[in-house]
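A.B. asks: Build me a model from this:
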Amino acid sequence: MDIQNHIKGKTVLITGGTGFLGRHLVKEFLKYNPQSIRVFSRDEVKHHHVQEQFMDDPRLRYLLGDIRDYKRLLRAMNGVDLVIHAAALKRIDMMEYNVEECINTNVNGVLNVVHACLERDVPKAIFVSTDKACSPINTYGASKFIGERIFTESNYSKGTKKTVFTAVRYGNVLESTGSVIPFFESKIKSNDPIPLTDARMTRFIISPQQAVELILDAIKYGIGGEVFVPKLPAFKIVDLIQILKGKHNANTGVKVIGIRPGEKIHELMINESEVPRTFSFRNRYVITSSIQQYQQNLLKPLYQQEGRLLTHQDMNEYGSYSEVRPQQEIKELFEEFQLL
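C.D. replies: Coordinates of the predicted model:
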C-alpha cells in the first residue's frame with residue numbers, strides 16, 4: 001500500500017513534534033495532504049518557531065502538552081488516525097544524574113501514549129527508539145529499551161482494541177540538535193582542541209530524510225510488534241575530525257578526554273539474541289517480537305514474503321564497528337548529504 005493511503009485525509013499526532021525529527025516529519029507528511037497534523041510539545045518557544053517555519057499552514061494544530069499528562073494526551077488523540085511518538089528526554093549524561101525524571105518521561109510517558117492510543121482507538125502508532133535501547137548500558141538506553149518493549153508488546157495485551165504498535169530504531173542523525181559536526185567545526189574555527197572521547201569510537205551515518213523514510217516504511221509495512229532498523233554505513237570519529245580539519249585547512253589539535261558517563265564506543269542496532277528473529281528486507285532489517293506466536297494476524301507481512309530470516313551465520317550482531325567505510329567514501333557521503 002502506498003504511503004499516501006495512510007496519510008491523505010488523515011489526522012496525525014506527532015509527540016515531540018517541535019523537535020528536530022518532528023519538524024522533518026511535519027514537512028514530509030504535508031506532502032501527502034493530511035486532514036491535519038497535531039504538533040504536540042511542551043515547549044511554546046519551539047511551537048512559535050515551527051509556526052514561522054510552516055507559515056501558519058492551516059493543516060497544522062499546535063498543542064501544548066506533556067506526555068506525562070495522561071488527560072492532555074487523551075484530549076489530543078480525539079479522532080486521530082496515526083500517532084508518531086518521538087517525545088523523549090535524550091541527553092545521555094543528564095539522564096545518568098536524573099534517573100527519576102528519565103523514567104517519568106521515557107517510561108511512564110510511553111505508557112500514557114499507549115493507553116491513550118487504546119482508549120481512543122487510534123489505528124496505528126509508531127515509537128521512535130534509538131540504538132541505545134539495544135543492549136543498553138546507560139539510563140537513557142534502558143528507559144528506551146523499556147519504552148520500545150512497552151510499545152511492541154502492547155500488540156499482544158490489547159485485547160479487542162485495534163491499535164497497531166510498531167517501532168523504529170536508529171542512531172544519532174548527524175544534523176540534529178547537539179550534532180557532532182557543528183560542535184567540532186566550532187572548535188576548529190576558534191582554534192580550540194577538539195575533544196575526543198576515544199580514538200576507537202565509530203558511529204552510523206543517517207540523514208534526516210533517511211530517518212523519515214524509515215518511519216514511513218514502518219507505517220506502510222508494520223503489522224504490529226516489529227522494530228524497523230535501517231541498513232547504514234558507519235565512520236570512525238577520528239576520520240571525521242580529519243575530514244573537517246581538511247575542509248577548514250586547519251591544524252587544530254585533538255584532546256582525548258575519555259568516555260563520558262553512559263557513552264558507548266560503538267553504536268549497536270541489533271544484538272545477538274535478536275538476530276534469529278530478524279528479517280533482511282530491502283534496505284531494512286525488521287526485528288520481530290520474541291512473543292510473536294501470540295499474534296492474531298495470520299497474514300504474512302511483506303517483509304516476511306520478500307525478506308529473509310537471518311541466522312548467526314549472517315552476523316552475530318549489527319554494530320557500527322562492522323560497517324565502517326574508508327575516509328574518502330565517508331567524505332563523499334557527507335558531501336552528498338550536504339553535511340560538509
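
A.B. asks: what bits of the chain have low per-residue confidence?
C.D. replies: Counting by pLDDT under 70, the ranges of the chain that qualify are 1, 175-178, 292-298.

A.B. asks: Tell me which residue lies farthest from the centre of it.
C.D. replies: When distances are taken from the C-alpha mean of the chain, N251 lies farthest, 35.1 Å away, according to C-alpha atoms, centre = their mean.

A.B. asks: Helix, strand, or coil at it?
C.D. replies: coil (DSSP: H, G, I helix; E, B strand; the rest coil).

A.B. asks: which residues in the stretch 201-340 of the chain form helices?
C.D. replies: For the stretch 201-340 of the chain, the helices defined by DSSP state H, counting those that start in this stretch occupy 208-221, 237-247, 302-305, 327-336.

A.B. asks: same question, the stretch 51-200 of the chain
C.D. replies: Counting by DSSP H, counting those that start in this stretch, the stretch 51-200 of the chain has these helices, from start to end: 70-76, 92-97, 99-106, 108-119, 139-153, 180-189.

A.B. asks: Between those helices, which one is closest to H6.
C.D. replies: Relative to H6, the nearest member of these by C-beta to C-beta is helix 108-119, separated by 15.7 Å. C-beta here means a position set from N, CA and C on the backbone, and glycine is covered the same way.

A.B. asks: would TSV of the helices of the stretch 51-200 of the chain with mean neighbour count be doable?
C.D. replies: Shown next, in TSV, are the helices of the stretch 51-200 of the chain (neighbours: other C-beta atoms under 10 Å):
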stretch	mean neighbour count
helix 70-76	17
helix 92-97	17
helix 99-106	17
helix 108-119	21
helix 139-153	23
helix 180-189	15
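
A.B. asks: Identify whichever of those lies nearest to S320.
C.D. replies: Of all the helices of the stretch 51-200 of the chain, it is helix 180-189 that lies closest to S320, at 13.4 Å by C-beta to C-beta.

A.B. asks: Tell me which residues touch K236, please.
C.D. replies: Residues counted as contacts of K236 (C-beta atoms under 8 Å, 6 or more residues apart in numbering) are 201-202, 324, 327.

A.B. asks: Now mean neighbour count and distance to Y170 too, for the helices of the stretch 201-340 of the chain, in CSV please.
C.D. replies: Below are the helices of the stretch 201-340 of the chain laid out as CSV (neighbours: other C-beta atoms under 10 Å; distance: least, C-beta to C-beta, whole Å):
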stretch, mean neighbour count, distance to Y170
helix 208-221, 19, 6
helix 237-247, 18, 18
helix 302-305, 16, 17
helix 327-336, 15, 16
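
A.B. asks: right, and those - which one's nearest F279?
C.D. replies: Nearest to F279, of all the helices of the stretch 201-340 of the chain, is helix 302-305, at 5.1 Å by C-beta to C-beta.

A.B. asks: returning to what we had before: would you mind confirming that the residue farthest from the centre of the chain is in contact with K245?
C.D. replies: Yes - counting by C-beta atoms under 8 Å, K245 is a contact partner of N251 at 7.4 Å.
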